[in-house]
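Peer 1: Pasting a predicted model and its sequence here:
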Amino acid sequence: MKTRAAVCRAFGAPLTVETVELAEPGPGEVLIKTAACAICHSDIFYMDGAWGGELPAVYGHEASGVVEAVGAGVNRLKAGDPVVATLIRNCGFCPACAEGAPVFCEEVFPLDLETPLADGAGKPLAHGLRTGAFAEHMVVDQSQAVAIPKDMPFDSAALIACGVLTGFGAVVNTAKVKAGSSVVVIGCGGVGLNSIQGARLSGCSPIIAVDVEPGKLAAAREFGATHTINARGEDVGARVAELTGGRKADAVFVTVGVKGAAEQGVSLMKRNGAAVLVGMPPSGVMAWIDPGYLAADGQRILGSKMGSARPLIDVPMIVALYREGRLKLDELISGRYRLEAINEAVASSRSGAALRNVIVF
Ligand SMILES: [Zn+2]
Ligand SMILES: [Zn+2]
């Protein structure tokens, strides 16, 4: 079928909105009419070539929509179902899936081997971040689509697919923080604000937010931070020590992909504490740690991929918390844009001022 998509033809260049060809869903796959797709910093890293990858490509992976057709063997979803679409493609049966870590699924899927997208001239377009959701339609494996209630707004639902799963999950799933734990969150964008919400819902205290944008620090307070530190001008280490009785934090969440933030995060955990690295810097960036201190202080550095999410459990849980008014989603949206204006949306996300910009279809 024909659909329209924002195509990246050269790293660092604006996306071009083109009519493209999308294959019918194969066995186990679903065709989704996209309703909303937010712009995540991972999309921008890929557009800039920071993580390599094939071109031309269609990115976009924080999405929601309505199932339009299903391939052979799909019985969990049917046409008309509203869904959140994530990049977590998983089989359910490999050792990683069996141990509850579908983000590390080992299975190779037909969509991993052949893209469903081609341009007007028939040239293959990479299925960016396994989703290709900067497009009016997408084809994904059924494991990537999770049904949501019919009255859930699509723009807010889209955010769950990456930023919310990642930020909230880092706190609740990866670090499994306890009530009363002291928490520092570095970076208060679309991921960090969700780490703050996870810490608030887990009963953590204090919840200390660190950023360099006053607007984002104000948002952090709205989302549950008890204290904020502007790293541009304030001594972050001294302030965290002061707010934690000199001990520093039980858990530190580094939600930005910046070397200095990772190093600072490691320096802010207390003895026997944990630093959770969530943001991914460009490939090849190295950070410095002192292994002696880490060993002597019994500290842990944890990586958190996609918030260690199990989409079939975490998406409905987040939807339920949202519907109870206990988790904010609507407030994460800074701007809504049409697909034709995607480069404007990207520029605004890149500037650091936006929480989340969403393409609405
Ligand atoms: Zn993302
Ligand atoms: Zn698997």
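Peer 2: Received, thanks. Ligands and ions are numbered 1, 2, ... in the order given.
Peer 1: For residue 202, grab phi and psi.
Peer 2: Torsion angles at residue 202 (phi, psi; degrees, to the nearest 10) stand at phi -90, psi 0.
Peer 1: Distance check, it against ligand 2.
Peer 2: 28 Å (CB to the ion, to the nearest Å). In short, each C-beta sits where N, CA and C put it, glycine included.
Peer 1: Not counting sequence-adjacent ones, nearest residue to that residue?
Peer 2: residue 177 (5.0 Å; CB to CB, 6 or more residues apart in numbering).
Peer 1: Spit out the contact partners of residue 228.
Peer 2: 208, 209, 210, 211, 217, 218, 220, 221 (CB atoms under 8 Å, 6 or more residues apart in numbering).
Peer 1: Might you report the residue contacts of residue 359?
Peer 2: Residue 359 neighbours (CB under 8 Å, 6+ apart): 36, 37, 38, 39, 60, 134, 336, 337, 338, 339, 342, 345.
Peer 1: So which of the contacts of residue 228 sit within strands?
Peer 2: Secondary structure defined by DSSP state E assigns 208, 209, 210, 211 of the contacts of residue 228 to strands.
Peer 1: And these, which is closest to residue 21?
Peer 2: residue 211 (42.1 Å; CB to CB).
Peer 1: And for that closest one, the neighbour number?
Peer 2: Look at residue 211: counted by other CB atoms under 10 Å, it has 27 neighbours.
Peer 1: all strands of the stretch 51-200 of the chain, in order?
Peer 2: For the stretch 51-200 of the chain, the strands defined by DSSP state E, counting those that start in this stretch cover 57-58, 62-70, 82-85, 117-118, 124-127, 137-141, 145-147, 183-186.
Peer 1: Tell me which of those strands is the most buried.
Peer 2: strand 183-186 (a mean of 32; mean count of other CB atoms under 10 Å).
Peer 1: follow-up on the earlier one: now the strands of the stretch 51-200 of the chain as JSON lines including mean pLDDT and distance to residue 243?
Peer 2: JSON lines is the format used below for those (pLDDT from 0 to 100; distance: least, CB to CB, whole Å):
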{"stretch": "strand 57-58", "mean pLDDT": "98", "distance to residue 243": "44"}
{"stretch": "strand 62-70", "mean pLDDT": "98", "distance to residue 243": "32"}
{"stretch": "strand 82-85", "mean pLDDT": "98", "distance to residue 243": "36"}
{"stretch": "strand 117-118", "mean pLDDT": "98", "distance to residue 243": "49"}
{"stretch": "strand 124-127", "mean pLDDT": "98", "distance to residue 243": "45"}
{"stretch": "strand 137-141", "mean pLDDT": "98", "distance to residue 243": "43"}
{"stretch": "strand 145-147", "mean pLDDT": "98", "distance to residue 243": "37"}
{"stretch": "strand 183-186", "mean pLDDT": "98", "distance to residue 243": "9"}
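Peer 1: could you dump those to a markdown table with distance to ligand 2?
Peer 2: A markdown table is the format used below for the strands of the stretch 51-200 of the chain (distance: least, CB to the ion, whole Å):
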| stretch | distance to ligand 2 |
| --- | --- |
| strand 57-58 | 24 |
| strand 62-70 | 20 |
| strand 82-85 | 18 |
| strand 117-118 | 24 |
| strand 124-127 | 19 |
| strand 137-141 | 11 |
| strand 145-147 | 16 |
| strand 183-186 | 30 |
